[in-house]
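Undergrad: next come a sequence and a model predicted from it.
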Amino acid sequence: MIFFSNKMDPIIKLKLKEKENKSIPAIISLKEPPSNSFKNSISKNSGKLKYEYKFTQALAVQMSPRGIEKLSELPEVSYISYDRKAEICMDKASKSIGISSNNPYNLTGKGVNIAVIDTGVYPHGDLNRPNKVVIAFKDYINSIKQPYDDNGHGTHISGIISGSGELSNGKYKGIAPSSRLIMLKAFNCVGEGSFSDIIAAIEWVIENKEKYDIKLLCLPFGGEAVTSCKFDPLVKACEAAWNKGIIVVSASGNRGPSFDTITTPGICPCIITVGSCEYTDTAAKNWKVSNFSGRGIKRGNIIKPDFLTPGFNITSLSADRSYIPGVTSMIHLDNPYHAASGSSISCAIAAGCIALFLEKMPTVSGNDLKGILKLSCKSLNEPKTSQGFGMIDMQKIY
C-alpha cells in the first residue's frame, strides 16, 4: 500500500488510516477513459458509481476503504481524491468599477448567456420583469424541475449579474441586466456542495454549451485546496470547460488574510480568479483588499488572484427560502433586497463586467480577455498576491 499512497490526496490517506469500515466518497482520476472492466471492478468491490465524467476522465464513487486500496493498485488510476465539500463564499459597486448607465456603447450584456453553479435561484420580480432572465435550471440536490433557492445565495448572485432593478426603480440593477442565466443548483440549503455534484454541473455546461449558447461560467464558491492543480478534480473540470471555449470566472475564497489561502477552483492557472476589495472611507475613493479575500502565492509566472472587484456590503436580491415549486407558495418579501459580502460577490460582479465586454467583442478568446481585463486594472498598491493586477476599471476598456 505504501507504494500507491502517492496516488491519494491527504484526506483519503487519513480515512484509510482510521481503519473504519464506513464507505468513502471519492473521485477517481484516470489516465484514459474508463473501460467496462474497470467500472465492473467498482461494483465487485462493493462500490457505487455516482457519476462518470466525459470530459475529465474521472469517476465519482462511494467505496469501502479496502475497495479504494484495491483500485489504487490499478495502473489506469492516476489519482484518488476525497469528494470534499465546497462552500459558497458569502460572508455602490457599479460606478466604482467604471460602469454607468451612460457608458459609451450602452452595453447591457445583451446576447450573453451565463451559467452559474450555486444554491439555485428564486423567481424574484427583478429576474422575471420586464423579461425572464433564467432560461434553464437544473437541480443536482433535490431533482426539482422549476427554479427555487432554499439558501438565498444563488439569488443574490443572479441579481448582481442580471437583475433588472424592477422593484427598486432601477436602484439595484445588475451589472449586465440584459444577460441571461442558466442556473445549476449543486449547493444545498446550508450552502455546501460536493465536488462530485459540482463537476457533474460543469460537465453539463460543456455538453450544453451550443444548445444554450453559453459563453461564461460563474463559480462563486470555493473549497480548501489540499492538492496541487495537477491532481485537483475541480481544477481539471474547469480546464476542460476553458479548453472548450467557455470563459470561467471563480471566487478567490474567503480564507484571507493569510497568504496561500485561495480556494479551489480559484487556484486553476488558466481561469479568471477574482478577489474582493472594499473602500475605507465614505467617499469610496480609498480602497483596500478585503481581509477575508483569499491571498495567493507566486508560482513561477502565475499570480493569483488575477484582479479584484468590490465584494463588501453589496445590495442585491433576497429570496423566499421556504418556497419549493409544487409544494409551497411564494410569500410576499417585505424586503426584496439585502446586502452581503464575500468573494462570491466579487466573482458575480466580474461575471457581469465580462458579459458587457462579450457583448462588445463576442469572439474574443478567454486568454485575450483575461489579458485585457488585467491591463484595465488600477493598482491598490498592495502585494500582487493580494490584489493581483488591482481593481478592474471598465472605463479603460470602453
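TA: That came through fine. From a predicted model like this one, the values you see are computed outputs, not experimental measurements.
Undergrad: dump the longest helix seen in the chain to PDB, keeping only the CA atoms.
TA: In the chain, taking DSSP state H as the definition, the longest helix is helix 343-360. Coordinates of each C-alpha in helix 343-360 appear next as PDB, following Å, rounded to 0.1, in the frame of the first residue of the first chain:
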ATOM      1  CA  SER A 343     -15.500  37.000  -2.700                       C
ATOM      2  CA  SER A 344     -18.600  35.300  -4.300                       C
ATOM      3  CA  ILE A 345     -20.000  38.800  -4.700                       C
ATOM      4  CA  SER A 346     -16.800  39.900  -6.400                       C
ATOM      5  CA  CYS A 347     -17.000  36.900  -8.700                       C
ATOM      6  CA  ALA A 348     -20.500  37.900  -9.700                       C
ATOM      7  CA  ILE A 349     -19.500  41.500 -10.400                       C
ATOM      8  CA  ALA A 350     -16.600  40.300 -12.500                       C
ATOM      9  CA  ALA A 351     -19.000  38.000 -14.400                       C
ATOM     10  CA  GLY A 352     -21.300  41.000 -15.100                       C
ATOM     11  CA  CYS A 353     -18.300  43.000 -16.400                       C
ATOM     12  CA  ILE A 354     -17.200  40.200 -18.600                       C
ATOM     13  CA  ALA A 355     -20.700  39.900 -20.000                       C
ATOM     14  CA  LEU A 356     -20.600  43.600 -21.000                       C
ATOM     15  CA  PHE A 357     -17.200  43.000 -22.800                       C
ATOM     16  CA  LEU A 358     -18.500  39.900 -24.600                       C
ATOM     17  CA  GLU A 359     -21.500  41.900 -25.900                       C
ATOM     18  CA  LYS A 360     -19.000  44.300 -27.400                       C
END
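Undergrad: just checking, what packs against it?
TA: strand 113-118, helix 153-162, strand 214-219, strand 247-251, strand 272-279, strand 307-310, strand 314-317, helix 366-375 (3 or more C-beta pairs under 8 Å, 6 or more residues apart in numbering; DSSP states H and E). Every C-beta, even on glycine, is put in place using the N, C-alpha and C of the backbone.
Undergrad: so for Leu358, which of those sits nearest?
TA: Ranking these by distance to Leu358, with C-beta to C-beta as the measure, places strand 214-219 first at 5.5 Å.
Undergrad: by how many degrees do that closest one and helix 366-375 diverge?
TA: Using axes from the mean of the first three to the mean of the last three C-alpha atoms, to 10 degrees, the direction of strand 214-219 lies 60 degrees away from that of helix 366-375.
Undergrad: give me the average confidence score over strand 214-219.
TA: Averaging pLDDT along strand 214-219 gives 98.
Undergrad: give me the angle between that strand and helix 343-360.
TA: Taking the same axes, to 10 degrees, one finds that strand 214-219 is oriented at 170 degrees with respect to helix 343-360.
Undergrad: just the residues contacting whichever helix or strand comes after strand 214-219, thanks.
TA: Moving toward the C-terminus from strand 214-219, the first helix or strand encountered (DSSP states H and E) is strand 221-222. Counting contacts by C-beta atoms under 8 Å, 6 or more residues apart in numbering, the residues outside strand 221-222 that touch it are 86-89, 117-118, 187, 193, 198, 250-255, 262-266, 294, 343-344.
Undergrad: okay, helices next: where are they in the stretch 1-150 of the chain?
TA: Taking DSSP state H, counting those that start in this stretch as the criterion, the stretch 1-150 of the chain carries its helices at 10-17, 36-44, 65-72, 93-96.
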